[in-house]
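[1] test case, fold it:
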Amino acid sequence: MAEGALNGLLIIDKPGLDKTGNGSGQLPTSHDVVQRVRRWSRQRRIGHTGTLDPMASGVLVLCLGSATRLVEYYQGHDKEYTARVTLGTDTDTYDALGQAVATHPVGPLDDTVVEAALARFRGEIEQRPPIYSALKQGGESLHRKARRGEDVTVEARPVTTHALELLSLEPPTDIWLRVVCSAGFYVRSLAFDIGETLGTGGHLSYLRRESAGLFSVAQAHTLAAVEEAAQSGDLPALLVAPGVGLTLPRLRLDSKSSLRLGQGQRVWLPASPSDFVYDTANPIAQAVDDDGLLLGIVRVLEESTERGGGLLCKAKKWLAV
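    Below is the predicted model of the structure:
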């Protein structure tokens with residue numbers, strides 16, 4: 001790692017629309033946030049682990065420096081949101097920043113009716129993402145195609161709703177929800193689908209990401225705080241060490257094995273720890289040193305039961321040098 005380089009995770013509390021539907025200035029995209037932090041930190045290598053729409057606030061996890069090699073391993077984490085669905089109006093983007101495309105009457109809100117509608121969207125479901133999204137089709141983002149007026153078809157895909165809780169009803173049109181979901185889930189699509197199920201139409205009018213994986217808003221820093229820390233030279237103090245929050249199984253390495261793996265060699269590790277359980281369909285693990293600091297990500301190539309057993313491993317992504 002280069003001397004003076006910033007390597008780690010930065011947990012941002014991204015600004016978005018507040019509960020009254022107002023935002024402070026132009027609402028930033030996730031890319032805008034990355035660009036600002038890149039400018040303040042003078043760190044070119046920055047990526048994020050999951051897009052937040054401009055209207056959405058809350059946890060946005062940035063990876064700086066060597067931690068950018070870990071982006072893909074943080075992207076699959078579950079997310080938790082607080083959301084408000086406003087019934088009666090459909091928008092082209094399924095959220096409050098879109099153009100109204102249809103309006104419908106909304107009768108008195110009833111807990112029983114709403115709960116019955118929500119029941120359809122719990123567990124493993126098929127969800128159709130919005131056409132105005134960052135998903136790519138033919139190498140280009142869907143929202144670019146949609147804004148050119150192209151006919152965009154999006155296939156439904158499997159997602160999981162771990163929890164969908166009705167927090168409150170706010171007559172005459174608003175439903176407040178707590179949503180815990182898998183990666184790849186669109187709360188905007190959920191809002192549209194709820195409105196369609198109720199026969200009233202609807203769109204997402206507020207969204208706050210409360211957590212992403214093991215990171216919550218309680219650990220997040222505002223953009224103003226990040227800018228101030230960068231100007232005072234205190235930005236490194238805001239960073240979380242690479243590997244913190246990863247849910248991959250852990251393998252502890254000695255210095256010799258670490259050196260060989262870092263050189264690209266295949267290494268037989270001695271008998272696997274009794275508490276080491278890995279996914280045989282995707283046999284990867286985080287390799288750590290004696291202090292528990294992340295060295296890199298390894299792939300288990302083979303497991304042997306001879307001479308007490310062992311694991312043949314090769315580095316997949318390596319941070320230590």
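
[2] all helices of the protein, in order?
    With DSSP state H applied, the chain shows helices at 30-41, 71-74, 111-118, 142-147, 187-198, 223-232, 255-262, listed in chain order.

[3] lowest mean pLDDT across those, which one is that?
    Mean pLDDT values for the helices of the chain show the minimum at helix 142-147, a mean of 55.

[4] center of the chain - which residue?
    Per Cα atoms, centre = their mean, the C-alpha nearest to the average position across the chain is that of Gly50, at 3.5 Å.

[5] before we move on, back to that, tell me which of the helices of the chain lies nearest to Glu170.
    Each of these was checked against Glu170 via Cβ to Cβ, and the shortest separation belongs to helix 111-118, namely 11.5 Å. Bear in mind the C-beta positions are built from the backbone N, C-alpha and C, glycine included.

[6] circling back to that earlier point, in TSV: the helices of the chain, plus mean neighbour count.
    Rendered in TSV, the data for the helices of the chain read as follows (neighbours: other Cβ atoms under 10 Å):
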stretch	mean neighbour count
helix 30-41	17
helix 71-74	18
helix 111-118	14
helix 142-147	16
helix 187-198	23
helix 223-232	16
helix 255-262	16
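
[7] might you report the residue contacts of the residue nearest to the centre of the chain?
    Residues touching Gly50, when contacts are defined by Cβ atoms under 8 Å, 6 or more residues apart in numbering, comprise Leu60, Val61, Tyr74, Gln75, His77, Lys79, Ala183, Ala212.

[8] what's the answer for Ala220, then?
    For Ala220, the set of contacting residues under the criterion of Cβ under 8 Å, 6+ apart consists of Ile11, Ile12, Asp13, Gly58, Val59, Leu60.

[9] please apply the same query to Leu293.
    Leu293 sits next to Ala241, Gly243 when contact means Cβ under 8 Å, 6+ apart.

[10] which residue, neighbours along the chain excluded, lies closest to Pro171?
    Residue nearest to Pro171 in three dimensions, not counting chain neighbours: Leu109, with 5.4 Å by Cβ to Cβ, 6 or more residues apart in numbering.

[11] go on, Gln99?
    In space, and not counting its chain neighbours, Gln99 is closest to Asp92: 5.1 Å by Cβ to Cβ, 6+ apart.

[12] closest one to Gly245 among the helices of the chain?
    Comparing the helices of the chain against Gly245 with Cβ to Cβ, the closest turns out to be helix 71-74 (7.0 Å).

[13] residues in contact with that closest one: which ones?
    With Cβ under 8 Å, 6+ apart as the test, helix 71-74 has contacts from 9, 47-50, 61, 63, 212-213, 245-246, 248, 297.

[14] what of stretch 205-217?
    By Cβ under 8 Å, 6+ apart, the surrounding residues in contact with stretch 205-217 are 9, 11, 13-14, 16-19, 21, 49-50, 52-53, 55-61, 74, 77-86, 95-96, 174, 187-188, 240, 244-245, 247.
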